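K.L.:
What shape does this take:
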Amino acid sequence: MKAYLAGLAMMAAALAPQTALADDPRDPAMRSAAARARDKAEIQRLNRNQLAYVRKRDAGYVKDWAAYRKAQGQGQTRGGSDYEETSYDAGYGARRDAADYAQSRRDYERDLAEWRYAAGQCRAGNYAYCAR
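P.N.:
The predicted structure is shown next:
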């Protein structure tokens, strides 16, 4: 029984989420401005490399999905002509995505304002707003 409980405890510890720790602001190696500048330059380099990787990967995905749609006979999807992967890059999908994001953002801001108002009313003693 003890071995079973110990096994369960080890499994729970292994599956528990780990906290990600950021750089320690008290790290003695990062006290000089030169060290912080080197660290910033390295982070920027890593970010640029990751961006290049993601762009290359996504370009491959676009080609693969275009080939898939063509193989499935789904090329005739927009206006009776072949819909190619370049139409998204031409801005059609990007404009739609931007409009959807803007609307979602407006909805979020409105909901947040309503929630803040209700929370303030609840804290002020108007308990009808507490259940919202």
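K.L.:
What is the helix or strand containing K63 packed up against?
P.N.:
Taking DSSP states H and E as the definition, one finds K63 inside helix 33-71. Packed against helix 33-71, as judged by 3 or more CB pairs under 8 Å, 6 or more residues apart in numbering; DSSP states H and E, are no other helices or strands. Every residue, glycine included, has its C-beta placed from N, CA and C.
K.L.:
quick one: that helix to chain centroid distance?
P.N.:
Distance of helix 33-71 from the chain centroid (CA atoms, centre = their mean, to the nearest Å) equals 15 Å.
K.L.:
what comes up buried for that helix?
P.N.:
Across helix 33-71, burial judged by 16 or more other CB atoms under 10 Å covers A66, R69.
K.L.:
Show me what the mean pLDDT comes to for stretch 32-43.
P.N.:
Averaged over stretch 32-43, pLDDT sits at 88.
K.L.:
Stretch 119-132 too?
P.N.:
Across stretch 119-132, the average pLDDT comes to 89.
K.L.:
got the buried residues for it?
P.N.:
Y129.
K.L.:
Give me the contacts around that stretch.
P.N.:
Stretch 119-132 has contacts (CB atoms under 8 Å, 6 or more residues apart in numbering) with W115, Y117, A118.
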